Structures are given as structure tokens and as C-alpha cells.
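*Asks:* prediction below, plus the sequence it came from.
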Amino acid sequence: MVSIISLWLPILLSSIVVFFISFLMHMVIKHHNSDFKKIPDEDHIMDELRKANVPAGDYVFPYAKDEKERNSQEYKDKFKKGPVAIITVYPSGQNGMGSSLVLWFIYSLVVGIFAAYIAGHALPPGAHYLSVFRFAGTTAFVGYSLALFHDSIWFKRNWSTTFKYLFDGLVYALFTGGVFGWLWPTM
């Protein structure tokens, strides 16, 4: 067994590597640029939402507060007539990414901690590189990717978007596994 404390360097370094790789994937390769489409008559829809003074948050329409309302004919008619949507409204104003970048780095640290915990309990000091790579990389893949299916299954997110993020998670996992294998303690 290898303690999490002794794996602080691969946790930190893998988080830094993932942060940099995610920057390259999103800002240089830009393969997520097609994840969203422009809504028809965008200006009109934005004006109407602005008039309604919709605060930041997650919304669904048509909305039903419970199963009884969901089974009502009125709700069924609204659902059938459409549109049906789930939207997230951001706060208006500046679109700063600072807090999101900090949270993304913290999330990468958490994934690294879980990778360290599982690999550290499964493998001894001096374990072979590929064994460490397999345990840490698989754990990182689970942490970065598997929950993404949820949004496509339940909230109808485009499967192509989910698979792109799944690919991202695989790349992050490969680098995480590589860093852990490289820096695994020998004693």
C-alpha cells in the first residue's frame, strides 16, 4: 500500500498536465465549437427572456411541480405543442472564466486524489509502470467521463457532444495514468 500523502506530487502534476491539455483541446484544437447551435430568432427570444427578468439558474419548460401535474392534460398538451427545453441562464454581464478555471483545477485535484487512493491501495511501492498506469488511468477515466452519459440519457444532450467529452476524459486519463506511473514511489 502507498499512502495518499506520498502521492502528492503525481496528484498535483497530473492536475497541472490535465489543466494544460484541456486548455489545448478547448482553445487551440477547438473541437467543442460545434457543441451548441444558434437558436432561431435569437434576438427576439433573448428580448423575451430579458422582459421576463429570468434570474440565473436551471429551468425546464413546460414545467410540472409533481407527477399529478405532469399527468394533467394541460401539461401533456404543452409538451406535445412544444417547444420542450432545459436551459441554464447565466448571470448577465461579464463572462469571466476565472472561477470556472479554479473549480476545474480543483476538480482535477479531486480526480487525482481518487486515482491516488485506489492505485495506492491496490499497488505496492515499486509497482510496475503499466500497473500503476492502469489503476490510476482507469480511475481518472471514471472521474472525468462516465457521469457524462447521464446528460444524454436523461436530458437529451447530443450524443456527439457527450462522446467528444468522453474522448477528452480518455486523454486526461491517459496523461494522469502516465504521470502516476512515472512518479510512483519505489520504496
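*Replies:* Okay, I see it. If you're wondering where the values come from, they're calculated on a predicted model, not measured in any experiment.

*Asks:* am I right that Ile86 sits in a helix?
*Replies:* No - counting by DSSP: H, G, I helix; E, B strand; the rest coil, Ile86 is not part of a helix but strand.

*Asks:* does it touch Pro62 like I think?
*Replies:* No - using CB atoms under 8 Å as the test, Ile86 is too far from Pro62 to be in contact (11.3 Å). (C-beta placed from N, C-alpha, C; glycine too.)

*Asks:* more neighbours: which of those two?
*Replies:* Neighbours were tallied for Ile86 and for Pro62 using other CB atoms under 10 Å; the higher tally belongs to Pro62 (18 against 13).

*Asks:* how about the more buried one, what does it touch?
*Replies:* By CB atoms under 8 Å, 6 or more residues apart in numbering, the contact list for Pro62 reads Tyr75, Lys78, Phe79, Val84.

*Asks:* and the second one, how far from Ala116?
*Replies:* Counting by CB to CB, to the nearest Å, the separation of Lys78 from Ala116 is 49 Å.

*Asks:* compare neighbour counts for the two and give me the winner.
*Replies:* Between Lys78 and Ala116, counted using other CB under 10 Å, Ala116 has the larger neighbour count: 25 against 16.

*Asks:* just checking, the more buried one touches Ala140?
*Replies:* No - using CB under 8 Å, Ala116 is not in contact with Ala140, being 10.2 Å away.

*Asks:* thinking again about what came up before, just give me the closest of the contacts of Pro62 to Ala56.
*Replies:* Val84 (21.4 Å; CB to CB).

*Asks:* okay, now the closest one: neighbour count?
*Replies:* With other CB under 10 Å as criterion, Val84 counts 12.

*Asks:* from now on call the first residue 8
*Replies:* OK, 8 is where the count begins now, so the last one is Val91.

*Asks:* need the contact list for it.
*Replies:* Val91 neighbours (CB under 8 Å, 6+ apart): Phe68, Pro69.

*Asks:* give me phi/psi at it?
*Replies:* phi -110, psi 130 (degrees, to the nearest 10).

*Asks:* for the residue of the chain positioned farthest from its centre, give me its contacts.
*Replies:* The C-alpha centroid of the chain is most remote from Gln80, which lies 36.5 Å away (CA atoms, centre = their mean). Contacts for Gln80 were tallied using CB under 8 Å, 6+ apart; there are none.

*Asks:* distance-wise, check it relative to Lys88.
*Replies:* 12 Å.

*Asks:* one more: Met32?
*Replies:* 39 Å.
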